[in-house]
Each structure stands twice: as C-alpha cells, then as structure tokens.
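Undergrad: Provided below are the primary sequence and the corresponding predicted coordinates.
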Amino acid sequence: MLSAFDEQDSRGIRVASEPDHWRGTEPLRVLAPDGTAVGDTDVGLDPDELRAMLRWMRLARRLDRECIALQRQGELTVYPGFEGQEAAQIGSAMALGPDDFVFPTFRELAAALVRGVDPVQYLAYHRGTWHGGPYDPRTTRFGPICIPVATQIVHAVGYAMGLALDGARACSLAYFGDGSASEGDFHEAANLAGVFTAPTILFCQNNGWAISVPTERQTAGEIVKRAEGYGFPGVRVDGNDVLAVYRATREAAARAYAGEGPTLIEALTYRIGAHSTADDPGRYREEDEVSAARAFDPIVRFRSWLEGQGHADDGLLADWDAEIESEVLAIRDRVISQPAPPVEWMFDWTYADPPPAIEEQRREVLDG
Amino acid sequence: MAEITMVGALNAALRDALREDDRVLVFGEDVGRSGGVFRVTDGLQAEFGERRVFDTPISEAGIAGAAVGLSFRGWRSVVEMQFDAFSYPALEQIVDHVAKMRERTRGRVDMPITIRMPAFGGIRGKEHHGESPETFYVHTAGLKVVTPSNPADAYRLLRLAIADPDPVIVLEPKARYWAKQDADLTAGGPGIGEGTVVRDGDGATVFTYGAMVSRCLEAASVLADEGVAARVVDLRSLSPLDTSLIARCVRETGRAVVVHEAPKTLGLGAEVTARIVEEAFDFLEAPVRRVTGYDVPYPPAALEHHYLPSVERIADAVREVVAY
C-alpha cells in the first residue's frame, strides 16, 4: 500500500508540511494524512456507503482529469479543475438529505455527481452549449453553476428562509471558496442567515488560492472565526479528510433541521491544479508547494484507512477503475457529441411572455 | 371613487396582493414596524404578521439575493430598495441573477420578483436621494421596468408587477407620492408594455413618464392657450417599451418631444428617438427634441429646479418642433 508520504520521500523532501493556510485553529479530523484513525471513525455510514464514498472520489478525479484533457483538445471551453478537493465536495454532498438544496460555484462537479446531476448536462456548461447548466435545479436540488463570486451564498440563505417559512425539515448548502469570503455578498448572506436563523450551511472550501492570490492575502484572520460575529457556530474541518467533512456537514444539517439555524464550515483543502485551464500557476506559486500538498491527498488517505478496515482491496479497486474508465469514456463521448443548441434558444427563456421587440429579433435571426 | 394618494394606492396594491396570494412576501429596510420611510408599507406587518412582512438588515444585495433564493422555493417576493441610489449594491444580484435566472435554467425557475424603489428627484432631497436609474435596468435583458405617474396607475402597475412571472422594477416617483386623485382602483387599464395617451392633440406628441407626466400636462395646457394642441403620452412601461404607440403618435402628429429627468446621454429619450427614426421617419415634420436632466450628478436641493425639466423648457421644445 502506498503511503501518503511516499511521494515526498521519492522527491527527497524529508517532512511533509501542511499548507500555510491550514495554520491556526486545529481542524476537526478523523483520519490523519497517512490514513490512521485519530478520531471516532463511526460517522454513521455502513461499509457499502463507505466504499461508495471512495468510488465517488476516484470517479470524480478521473472525470476531472478527462475534462482538462477535453479542454486541451478543444472540446470544452475553459474548465476549472478541482483535484485535491474531492473529499471536501463528496463528504459534504453525501451528508445532505434528498430534500436539501445545493447552491454551487463553478468548481463543484464532484458534488454534482453525488447529488445525481447528469455529468453530461453539467458539462454542457463547459461545452459552451448553455448557461447555468441545463440540468433541472428543481429535481436535482442542485442550483445552476454560479460564476459571480459569492452571489450564490445569498441564494442559499434566501432558499433557507423559504424553507423556514414553509416549516420544511430541510436545509440549503452554499459552496464557496476562500476568495468568495472576501466579497460583500458572503458577509450579507452570513448576516442574513444569522438574523433569520436560516437553515443553511455555508460551506467554504479554503483551497489556499483564489486564482493567484493566497489565502493570507485574502484575510488576515481565519474564515471560520467570522461565524461568531454573525451569531452562529463555525466549524473548521480537515477538508481532505472525507469522514471529518461528512461528520461536520451532518451535524450542521442536523442543527438546521432542528431549527437551530446556520453553520459555517471552513474545510481546509488544497487546489492541486490551476484555477482553470486558462491559468498558469507557474507565474505565482512554487511547484514544491504543490508537491508537499500532495502528501495530504484525500483519496490516498481514505483508501488507506478503508483497506486497513478490510472494506476494500486492490482487486476491488481494479474492478472499479475498469468501470470508471468506461463510465468516463461514455461521458466523454456524450459530451463531445452534443450539438450546438438551436439559435432560437437565445430568445426562448428571457421572458415568460416575450415582448414584441424580442419576437421581432427572433424572426430576424431565423429568417437570416 | 375615492380620493387617494399614490402612497395610499401602492399600500392598497400590496395589501390586496398579500391577501389574495399567500406566497407573496414583502420585505426590505424599515418596511415592517415603521411602515417604510415613505409609509408605503404602513400597517401591512400588523395585518399580515412578521412572517410575511418583515424588516431586513441594511443589506441591498442580501435583499435581492434572498429574493432569488426564495423564488427557487416558490415564494413571490416584493422587496423595497429604500432609495434609488441605494439600489446599487444590489445591482450584481439584479443583473446577474434576478434578470437571468429564467434564461439560465431554460425557463424552469421563474423569478417573480418585484423590486420597488422610490425614484427620481423633486423633493429637495439629499444627494443620492434623487437619481433616475432607469437606464441601468432598461438595458438589462430579463427585467421589466415600469413607472406610474398617478395613484390609479400605481395600484395597477404594482399589482401587475407582483402577478408577473418575470422580475419587474417599479420606479415610484417620490415627487408624486402625496398627490391626490379621485381613483377607482379596481378599474381596468393597460398592461405592462403599453403606454397611454393622457391628453390628446394633433400638433406634436410629448413622450414622458413618472413625475414628468404632470409637468408635461401643465405645459400642454399652456400651449393650448397658444393654439398648439400637444398630445401627451405616459410611457408607463419603460421596458418593454410601447413602440407601436410611439410610432402611431408620430405618424399622427408628425412632431415629437421626449421629456425625462434622467441625464440626456443614453437616457430613455435616446431609445424613444431611435425608435421614432426607425419606425416613423417618413412622417417626421421636424427633428425630435429631448428635454432632460443634464449630464451631471443630480444637484443639491437649491439647484434642482434648474436641473429638472420645467414647464417652460418643455413648452419651448414643443414650440420649436411645431415652428420648424
């Protein structure tokens, strides 16, 4: 079994040090980076569910890498990878119930997979065939892909206010990043959530980098500590420890269901790749930093623990990998065979009842 | 028929909407206990409870963004931006999401959001309290923008806005908030997207909206004494704009003046003029004239009468196009 530290050793780095932005408040942790248990590993999942967790993580990573390849081949527009953040997304998405609603950013393909969003429909966004993502947010309970930084956090709070008005036993969850936490909309959302005791989870994936700017240039404090100022709990969790993420999110959801209001979760993770395929991290960060961060790989960690428990072995993983390979290739084929949408779609949904000027413009385009 | 102010008519519209549809929510800054700084929401919290009529923190982006989230859950939000210039923190939410969510979700998620804001000048207000932000919203696809000029139409337009499946910006001319009118609020009238002729005449057409409607009517009275029959059109709906009414009036009168408080450059007058040129150029007997605010920030109270189109400036423009 490969140790999380083997790669470090092979590169001659003696000690793997945690990324800088992980310093400060000790995060909730169930598994140490080498996969040994340091907390209560019974998070309420049976072996099948635990195995599913690992399988989602491996599928997500393989698909993420495929998407980067597809962009390089000209089949996708700019694509934002999430390598290194699989535990943060999959642990949190698996912790939600079917009635809970996710408001994502543009980097949550792994969470979308878990929530049952068709990856081909999700990737239509990056294929450039439609805005937002053409999956149905009502049935998937997964909001449209959201580019304007931090704006989706307010939507999650509004949705949660609506849940509370309906007396529904459900919550919303907003994903956002360390950079988003600098936006006014984060603060307005958090403040509203506190004032209205909104059943929502503000889930920050602090991956250390907002394009080229490190977390230390985003904030002089810790994001998790802001929760106190807004009057609700903040939880710092090792975002590369899928069991810890799952537990923290389950507890936050339980609080929301019980009418106790919002929770801010700061999941410490690391963006292994570029901000997007249009970005060149060589301009602003040292490769050594990335190498060191790989020692905290979330998939290696969880696999190591799962194998140690006897819940998985090389044979099972080999079977999965064969399945995943064909799944990803099938997704790839469906993505690249997507045609451009009909031109009249430009005009179809701007208004429920399009005004004459838009109807005229539609005719102008269709009549060429 | 009863005498009512625009504030009273807007209040009645909110009350009736809250009564008829239990998914309607009213929220914003000071709209609950105090009833709004202009008292438009007076008494609504007492009648409908804190669940449906509530105060928010001072948080315009939060208010607009929460309305988006509430729409995903099937609530119909009627929100207030306390003043025109205070709506700018919400602009990102309004432009990126309120206006576009229906298109981004291929029509699966409607945004039946009404955003009310006291707008325009003429009340001797402080800076940032007299702005005309309509061009920002009219230029944003996915929004509708309406502005009433009298109490009866204020009731009608606000009811239509709340019932509309699409987001509607309601610009309430604060200078006309307390003007009284004998009005039957239940009477029918034109829809969103339709303008209306408020004074007929065949010498020239004055296109205007909001608080400038009453001023243009005054100018038309002055002109009538001189033998000039000016037609006055209350555009009401700034987006969609009633192009067919605009074209018809120019075909029938041959001369046009556009009046608004907003700065001239890229104000609504530019669009109205362009549509006249596109749709009725051959009928024009004179160049179109615009009487507008100037291309400067809205001035302090002591100067605002120099900035706002006056009866005299409006009448002069009509005289000019008639004499051309």
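TA: Happy to help now that I have it.
Undergrad: Near chain A, which residues of the stretch 101-250 of chain B? Just list them.
TA: Within the stretch 101-250 of chain B, the residues that sit near chain A (CB under 8 Å from any CB of the partner chain) are B:101-110, B:141-142, B:144, B:164-166, B:193, B:239-241, B:243-244. Just so you know, the C-beta spots here come from the backbone N, C-alpha and C atoms, and that holds for glycine as well.
Undergrad: Show me just the buried residues among those residues.
TA: B:101-106, B:108-110, B:142, B:144, B:164, B:166, B:193, B:239-241, B:243 (16 or more other CB atoms under 10 Å in any protein chain shown).
Undergrad: So which of the residues of the stretch 101-250 of chain B next to chain A belong to strands?
TA: B:144, B:239 (DSSP state E).
Undergrad: ok, longest helix in chain A?
TA: helix A:47-72 (DSSP state H).
Undergrad: which residues of chain A fall in strands?
TA: Taking DSSP E as the criterion, chain A carries its strands at A:101-103, A:172-177, A:200-206, A:209-210, A:213-214, A:234-238, A:263-268.
Undergrad: so can I have a markdown table of those strands showing mean pLDDT?
TA: As requested, the strands of chain A are exported to a markdown table (pLDDT from 0 to 100):
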| stretch | mean pLDDT |
| --- | --- |
| strand A:101-103 | 98 |
| strand A:172-177 | 98 |
| strand A:200-206 | 98 |
| strand A:209-210 | 96 |
| strand A:213-214 | 95 |
| strand A:234-238 | 98 |
| strand A:263-268 | 98 |
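Undergrad: and the spatially closest residue to A:Gly177 that is not a sequence neighbour, how many neighbours?
TA: Nearest residue to A:Gly177 in three dimensions, chain neighbours excluded: A:Gln205, at 5.6 Å (CB to CB, 6 or more residues apart in numbering or on different chains). The local packing of A:Gln205 (other CB atoms under 10 Å in any protein chain shown) involves 29 other residues.
Undergrad: pretty sure A:Gln205 is touching A:Glu86, no?
TA: No: in this structure A:Gln205 lies outside contact range of A:Glu86 using CB atoms under 8 Å: 10.8 Å.
Undergrad: Quick check: phi and psi on B:Gly8?
TA: Note on B:Gly8: backbone dihedrals following degrees, to the nearest 10 are phi -60, psi -40.
Undergrad: so it touches B:Ala152, yeah?
TA: No: counting by CB under 8 Å, B:Ala152 is not a contact partner of B:Gly8; they are 11.0 Å apart.
Undergrad: Next up, the contacts around the residue lying closest to B:Lys264 once chain neighbours are set aside.
TA: The spatially closest residue to B:Lys264, leaving aside those adjacent along the chain, is B:Thr292, at 4.2 Å (CB to CB, 6+ apart). Applying CB atoms under 8 Å, 6 or more residues apart in numbering or on different chains to B:Thr292 gives the contacts B:258-264, B:267, B:269, B:309.
Undergrad: per-residue confidence for A:Pro134?
TA: We have a pLDDT of 86 for A:Pro134.
Undergrad: wait, it sits on A:Arg127?
TA: No: with contact defined as CB under 8 Å, A:Pro134 and A:Arg127 do not form a contacting pair (10.1 Å).
Undergrad: Run a quick neighbour tally on the closest residue in space to A:Trp56 that isn't next to it in sequence.
TA: Excluding its sequence neighbours, the residue lying closest to A:Trp56 (CB to CB, 6+ apart) is A:Ile90, at 4.8 Å. Residues within reach of A:Ile90, counting by other CB under 10 Å, total 28.
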